[in-house]
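**Student:** need a structure here:
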Amino acid sequence: MILRQAAQALSRRLPATARRTSPSLLLSSSSVGIDNFVLTPSVNLQAKRDIWVWGSPPSSSGNRRGFADAVVDNEHPHESHWAQFPMAPPDPIIGLTEAYLNDDFPDKVNVGVGAYRCDQGMPFVLPVVREAENELVAEELDHEYSGIAGCPNFVDVALKFAYGEDCVPLNENRVAGVQTLSGTGGLRVFGEVLHQFGHKHIYVPGPTWGNHIPIFTNAGLEVRKYRYYDNATCNLDFSGLIDDLRAVPEGSCVLLHACAHNPTGMDPTMEQWKQISNVAKERHLLPFFDCAYQGFASGDARKDAAAIRMFVEDGHNIALVQSFSKNFGLYGQRVGALSVVADTQDEAKRVLSQLKVHIRPSYSNPPRHGARIVSKILSNEKKTDEFVEQCMGMAKRINSMRIKLRNTLEELGSSRSWEHITKQIGMFAYSGMSKDEVVALREKHHIYCTLDGRISMAGVTSKNVEYIARAIYDVTEGK
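**Tutor:** Sure thing, here's the model as predicted:
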């Protein structure tokens, strides 16, 4: 009320041209007397327009205390608050999907989106997920809030799934864990925690999942890269990786893809993981694992978690974010977990308290339905066995498409080596195609993949694999 009265009184003192506008006020003190205000003409240099600013006179130190400012725009009277918002660039994946949907070519193919499809090219719900979901519906559970840290049973089974039931820190209650909004939410929460407690930067592999960079940047961290993939050889640049990790500042946080590296699909061997662990110890680095494909990559959840478990056994106090989108097919349920291995139970409790402090103002608490599905499956031996079998089925289908795609390209007489397609693992094949070749693939053959040449193998089926291979052959051979 005081602010409104001040605006009305002050607007009567403005020039006639200024009074025709509706000034908006930015209040920095609610106890400001009208008589203390002064009206000051100013210029908005960026917009090249006159504005009027009123506020309390400066103090003897030059500071203005207890003031409210109103900007009066003579050029755009009564303009919307949002009129000056520029259009943001479209998300690359969403834009790709929109272009695909607007394409009326009958044999068009979308191999850009990272979501599993069955061999008929349709979304796939794991039978065990459907079974668990039906049981939950029959139980007629409530829809009350979960706690800030999420569903305790889900967090328990999620951590055992990744670390293993025989994990020493887990059994000693030295792992702080929370449920998150899939992997993305966990990455953002941990990025904020890192920033609050002194980390200024984070190292990610080059290349990495595109969303890693804006997530950590928006959390306040400078994103730096270490070498990971050699485009010339379509292979892991392991010597470059090791050299770069040895050169990073001591104590830095380093993001590692636990398995099925996105976008390259090229993972270190266990011997190479051991060398990475040793360098991380030498440099006192903080390993932060992003685990989005456990069980989906190889079909063996234990194998896919081997690097995580090795680092814990080697004594690293790692951080880990897990996503249950790909392996459980729960893309829209946003099911994830974030955990930190600590030295003591007390340290774990303090870390947990800080994770919760960042979750509360961000999204308060996570959704329950997807977490209940995962809990019901992983807390039941029979259902867990069914999940493993069905997850293996997804992995086998993708691997069979890798083999078929490579073999067809070789049978066509391609001059390039396509060996990397079958050496890679997980949802994506990093094809090695150039940006121009990808554009040609889209414009000439109506096949949609990201500009870096990443192909989602989940979109490759027994029906379209030959068409895709012939199209790739055409744009890469210039024939």
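**Student:** Tell me who's in contact with residue 294.
**Tutor:** Contact analysis of residue 294 by Cβ atoms under 8 Å, 6 or more residues apart in numbering lists 161-162, 258-259, 301, 304-305, 322, 327. C-beta: built from backbone N, CA, C; applies to glycine.
**Student:** ok, of the residues you listed, which one's closest to residue 185?
**Tutor:** Nearest to residue 185 among the contacts of residue 294: residue 322, at 11.1 Å, using Cβ to Cβ.
**Student:** what pLDDT does that closest one get?
**Tutor:** Listed pLDDT for residue 322 reads 98.
**Student:** How about residue 93?
**Tutor:** pLDDT at residue 93 comes out at 79.
**Student:** contacting residues around it?
**Tutor:** 112-114, 450.
**Student:** gap between it and residue 279?
**Tutor:** Distance from residue 93 to residue 279, counting by Cβ to Cβ, to the nearest Å: 33 Å.
**Student:** How about residue 400?
**Tutor:** 36 Å.
**Student:** I'd like to know which elements the longest helix along the chain is packed against.
**Tutor:** When the chain is parsed with DSSP state H, its longest helix is helix 381-411. Where contact means 3 or more Cβ pairs under 8 Å, 6 or more residues apart in numbering; DSSP states H and E, helix 381-411 is packed against helix 127-138, helix 369-378, helix 419-423, helix 465-477.
**Student:** Switch the contacts of residue 93 over to a markdown table; also include pLDDT, distance to residue 426 and neighbour count.
**Tutor:** What follows is these, written out as a markdown table (pLDDT from 0 to 100; distance: Cβ to Cβ, whole Å; neighbours: other Cβ atoms under 10 Å):
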| residue | pLDDT | distance to residue 426 | neighbour count |
| --- | --- | --- | --- |
| 112 | 91 | 15 | 24 |
| 113 | 83 | 15 | 20 |
| 114 | 84 | 10 | 21 |
| 450 | 92 | 15 | 20 |
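**Student:** Quickly name whichever of those residues is closest to residue 466.
**Tutor:** Each of the contacts of residue 93 was checked against residue 466 using Cβ to Cβ; the closest is residue 112, at 19.6 Å.
**Student:** Spit out the contact partners of the spatially closest residue to that closest one that is not a sequence neighbour.
**Tutor:** In this structure, residue 112 finds its nearest non-sequential neighbour in residue 96, 4.3 Å apart by Cβ to Cβ, 6 or more residues apart in numbering. Going by Cβ under 8 Å, 6+ apart, residue 96 touches 110, 112-113, 448-450.
**Student:** what about residue 96, helix or strand, and which?
**Tutor:** Following DSSP states H and E, one finds residue 96 within helix 92-101.
**Student:** Note down every partner strand of whichever helix or strand comes after that helix and its orientation.
**Tutor:** On the C-terminal side of helix 92-101, the nearest following helix or strand under DSSP H and E is strand 109-110. Paired strands of strand 109-110, with direction, are strand 447-448 (parallel) (DSSP bridges).
**Student:** Pull the residues that contact the partner strand.
**Tutor:** So strand 447-448 is in contact with 96-97, 99-100, 103, 108-112, 441-442, 468, 471, going by Cβ under 8 Å, 6+ apart.
**Student:** Got a ChimeraX select line for the buried ones in those?
**Tutor:** ChimeraX command restricting these to the buried ones, with burial defined by 16 or more other Cβ atoms under 10 Å:
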select :96,99,100,108,109,110,111,112,441,442,468,471
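**Student:** Turn the contacts of strand 447-448 into JSON lines, including distance to residue 195.
**Tutor:** Below are these laid out as JSON lines (distance: Cβ to Cβ, whole Å):
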{"residue": "96", "distance to residue 195": "31"}
{"residue": "97", "distance to residue 195": "32"}
{"residue": "99", "distance to residue 195": "36"}
{"residue": "100", "distance to residue 195": "37"}
{"residue": "103", "distance to residue 195": "42"}
{"residue": "108", "distance to residue 195": "43"}
{"residue": "109", "distance to residue 195": "41"}
{"residue": "110", "distance to residue 195": "36"}
{"residue": "111", "distance to residue 195": "36"}
{"residue": "112", "distance to residue 195": "32"}
{"residue": "441", "distance to residue 195": "40"}
{"residue": "442", "distance to residue 195": "38"}
{"residue": "468", "distance to residue 195": "42"}
{"residue": "471", "distance to residue 195": "44"}
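**Student:** That'll do, ta.
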